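[1] fold the following and give me the result.
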Amino acid sequence: MYYRIDDEAWARVVERQIASLVRFGEIMRDGLGLVGPGSDRAGRMRSAHEVFAWMEKVFADAPPLPSARPEPKTRPGPETPRGPETPRGPEKE
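    The predicted model follows:
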């Protein structure tokens, strides 16, 4: 038996994880104002915030997923047939 996962499932999972990281970076930034600029805690928070701000920029500047790009209108050669759309039972020997 096997399971079929929606073609866009992994993209959605990663997009949600990225959104969570971005939101955590925003929370970190907001927290900097609460701890005061000169404390050791603020220094650690600034360091963490720099990492999250960097990640946010990297993800914002990243190219779109290949599956998000429009497919060409014509494809060279015959189309490859797809496998079964429903799960099969256990393989018998």
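[2] in the chain, which spans are helices?
    Using DSSP state H, the helices of the chain run over 9-35, 40-61.
[3] mind listing what's buried in the last one?
    The one in question is helix 40-61. 42, 45, 48-49, 52, 56 (16 or more other C-beta atoms under 10 Å). Yep, even glycine has a C-beta here, placed from its N, CA and C like the rest.
[4] also the first one?
    Taking 16+ other C-beta under 10 Å as the neighbour-count basis, helix 9-35 is seen to contain the buried residues 18, 22, 25, 28.
[5] show me where this protein dips below the pLDDT cut-off.
    Applying pLDDT under 70 to the chain flags the ranges 68-93.
[6] tell me which residue lies nearest the centroid of it.
    With distances taken as C-alpha atoms, centre = their mean, the residue of the chain nearest its centroid is V14 (2.3 Å).
[7] re earlier: can I get the buried residues of helix 40-61 in CSV with distance to P66?
    Shown next, in CSV, are these (distance: C-beta to C-beta, whole Å):
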residue, distance to P66
A42, 41
M45, 37
A48, 32
H49, 32
F52, 26
E56, 22
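[8] nearest to D6 among the residues you listed?
    The shortest approach to D6 among these belongs to E56, at 26.8 Å (C-beta to C-beta).
[9] the closest residue to that closest one other than its chain neighbours: what's it in contact with?
    Using C-beta to C-beta, 6 or more residues apart in numbering and skipping the chain neighbours, the partner closest in space to E56 is V22 (5.0 Å). Neighbouring residues of V22 by C-beta atoms under 8 Å, 6 or more residues apart in numbering: 52, 55-56, 59.
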